[in-house]
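1. Take a look and give me a structure for this.
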Amino acid sequence: MNEKKDGIDVLEEGRRAIEVEIEGLRRVRERLDGQFEEAARLILSSKGRVVITGIGKSGLVGRKIAATLASTGTPSIFLHPAEALHGDLGVVMPGDVVIAISNSGETQEVNALLPAFRDRRVPVIAFTGCPDSTLAKYANCTVDTGVEREACALGLAPTASTTACLAVGDALAVVLLKLRRFSEKDFRRNHPSGTLGERLKVSVGQVMLTGELVPRVKTGLLMEEVVRVIDEKRLGAAVVIDQKDFLIGIVTDGDLRRAMVRLGQDFTRMKVDEIMTQNPKTVMPDALAADALALMETHLITVLPVVGQDGRLQGIVHLHDLLGKGQFKFIV
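-> Have a look, this model is predicted:
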């Protein structure tokens, strides 16, 4: 049954918002035309970098597009328009290409940079939802990222429009990747850190912790003992198994904090079965480390129990084992 709060069907509202964003993506896909091809041509023929600028939510989208382009073979940086107006404009050089992002096409801080781009003879690609805007009229080419409506019920918060803009940026990166014949080897070269690309190609079984390194506790154990195991193994979690080593659940630092807030110190006298998270996310030892990393990123977790096909615990894999200790962390 769908949960309702204050008369609102939560599940239905969530689905409605996603459907609005899907509609926006369909519209952008249908309106993709020769301007998109021209954008790809300008970038491919440039001798410099792609400089992406935008402010607010458009700026956040721009940062992600810049990161995606850079990791797939197109040198890119993000330039904050306000900072550009106070000196950072010096990073823009002849040979660069600018992608200016503004849904309205009338963002003052972005449009204030246009004369400087022209003075440097740097072509401008506009990502905007308003083809008749100041930005669109100035740009060398304009990619229409406009949507009919936002997913926000008020029609104010950038939601469907930012999703559409991000999708166009991804599409451009993918096209350029193919045009440049960017290979898996090239991708790995852009992801070092102990050769991250190589690290993520191995199986989970090659990087997981096993034996005494695994923080495992038996079902029915008191929480004061579970806390001791978590502290001793220093992985921020303990996996719960039965007498035959079948995985039953997991207890994380987050579970401990929530239990302490809810129950105070009394939680230490409770059994682990009352505190643990049942049916935790798991991975099999023959899965790729890259798949384990994707699962962690999707669910914002840092440890995964590793189980065999029979459901028995074989080990545990930590985020640090995939990315290199102390070098990476999720930003949420």
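2. Can you list the low-confidence ranges for the stretch 101-250 of the chain?
-> Across the stretch 101-250 of the chain, the ranges flagged by pLDDT under 70 are 155-156, 183-201.
3. Recalculate using a threshold of 90.
-> By pLDDT under 90, the weakly predicted segments of the stretch 101-250 of the chain are 147-158, 177-208, 212, 223-224, 231-236.
4. Show me the strands in the stretch 1-150 of the chain, by range?
-> Taking DSSP state E, counting those that start in this stretch as the test, the strands found in the stretch 1-150 of the chain are 4-5, 8-9, 50-53, 76-79, 97-101, 124-128, 141-144.
5. Point out the one among those that comes closest to Leu263.
-> When those are compared by C-beta to C-beta, strand 4-5 sits nearest Leu263, at 25.5 Å. The C-beta positions use only the backbone N, C-alpha and C, and glycine is treated the same way.
6. That closest one - what's its average pLDDT?
-> Taken as a whole, strand 4-5 carries a mean pLDDT of 64.
7. And for stretch 35-51?
-> For stretch 35-51, mean pLDDT is 94.
8. And the contacts of it?
-> 66, 69, 74-79, 91-99, 122-123, 125, 140-144, 168, 171-172, 175-176, 179-180 (C-beta atoms under 8 Å, 6 or more residues apart in numbering).
9. Please identify the buried residues of it?
-> When burial is assessed from 16 or more other C-beta atoms under 10 Å, stretch 35-51 yields the following buried residues: 35-36, 38-40, 42-43, 46, 49-51.
10. of all the strands of the stretch 1-150 of the chain, which lies closest to Gln243?
-> Shortest distance between Gln243 and the strands of the stretch 1-150 of the chain, using C-beta to C-beta, is found for strand 4-5: 41.9 Å.
11. All the helices of the stretch 101-250 of the chain, in order from the start?
-> Ranges of helices within the stretch 101-250 of the chain are 108-111, 114-119, 134-138, 160-179, 184-189, 196-199, 204-207, 223-233, based on DSSP state H, counting those that start in this stretch.
12. Between these, which one is closest to Asn279.
-> helix 223-233 (18.0 Å).
13. on that earlier part again, and among the helices of the stretch 101-250 of the chain, the most buried is which?
-> helix 160-179 (a mean of 21; mean count of other C-beta atoms under 10 Å).
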